[in-house]
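S.K.: Sequence unavailable; structure follows:
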């Protein structure tokens, strides 16, 4: 609120005494100054809650709101400061957080897993094979093979965490890179 807006809330008799260089005028200026930072924050609230536009330090916090902490890399404290939560970087985490609602709807399905892997790595070429032959040549029941692009191999621990969490609970899997 500005000084004038605060002044309008006062009774008329007090408002008449609010002239420059008086204690009341100075007090209202101070009150307006105290509101300024809160009002600026409220004006930008949509910026804070949008994972694509919020500041870097807030992205991991938003990701926790949508249950993505379960895929974060194990954090080892370091003197250099906070590590990035996932190995593919903060930009990928922004995209993943923005898509979390849709991904949650498809959790446990082929479509959901493929979408999740594509968003988290930014790579195309993931494939799921559901009829995987075993050592004896017969199809292994309730087993799938996830084929990933070779460029994604550096993110193997992250992909393993995601597949474990996003596949149907009763299915086993094997992750292979092309």
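M.R.: Yep, it's here. Everything numeric in this text was worked out from a predicted model, so none of it was measured.

S.K.: which residues sit against the lowest-mean-pLDDT helix or strand in the chain?
M.R.: The helix or strand of the chain with the poorest confidence is helix 45-49; it has a mean of 86 (mean pLDDT, DSSP states H and E). Identification of contacts with helix 45-49 by CB atoms under 8 Å, 6 or more residues apart in numbering yields 41, 53, 54, 58, 62. C-beta coordinates here come from the backbone N, C-alpha and C atoms, glycine included.

S.K.: how about the residue sitting furthest away from the middle of the chain, secondary structure?
M.R.: Within the chain, the residue lying farthest from the chain centre (CA atoms, centre = their mean) is residue 13, at 52.6 Å. Put simply, residue 13 is helix when judged by DSSP: H, G, I helix; E, B strand; the rest coil.

S.K.: what's the spacing between it and residue 24?
M.R.: 12 Å (CB to CB, to the nearest Å).

S.K.: Residue 95 is in contact with residue 121, isn't it?
M.R.: No - using CB atoms under 8 Å, residue 95 is not in contact with residue 121; the gap is 10.3 Å.

S.K.: Between those two, tell me which one has more neighbours.
M.R.: residue 121 (23 against 17; other CB atoms under 10 Å).

S.K.: got the contact list for that one?
M.R.: Per CB under 8 Å, 6+ apart, neighbours of residue 121: 88, 92, 149, 151, 152, 155, 159.

S.K.: what residues are up against the first one?
M.R.: In other words, residue 88. Residue 88 sits next to 120, 121, 122, 155, 158 when contact means CB under 8 Å, 6+ apart.

S.K.: Now secondary structure, distance to residue 31 and pLDDT too, for these, in TSV please.
M.R.: Putting the contacts of residue 88 into TSV (DSSP: H, G, I helix; E, B strand; the rest coil; distance: CB to CB, whole Å; pLDDT from 0 to 100) gives the following:
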residue	secondary structure	distance to residue 31	pLDDT
120	helix	48	96
121	helix	51	96
122	coil	49	95
155	helix	52	95
158	helix	50	94
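
S.K.: what are the ranges of the strands in the protein?
M.R.: Taking DSSP state E, the strands of the chain run over residues 127-129, 143-148, 172-177.

S.K.: mind listing what's buried in the last one?
M.R.: Which is strand 172-177. Buried residues in strand 172-177, counted by 16 or more other CB atoms under 10 Å: 173, 175.

S.K.: Tell me what angle it forms with strand 143-148.
M.R.: On the basis of axes from the mean of the first three to the mean of the last three CA atoms, to 10 degrees, strand 172-177 is oriented at 20 degrees to strand 143-148.

S.K.: Thank you kindly, that will do.
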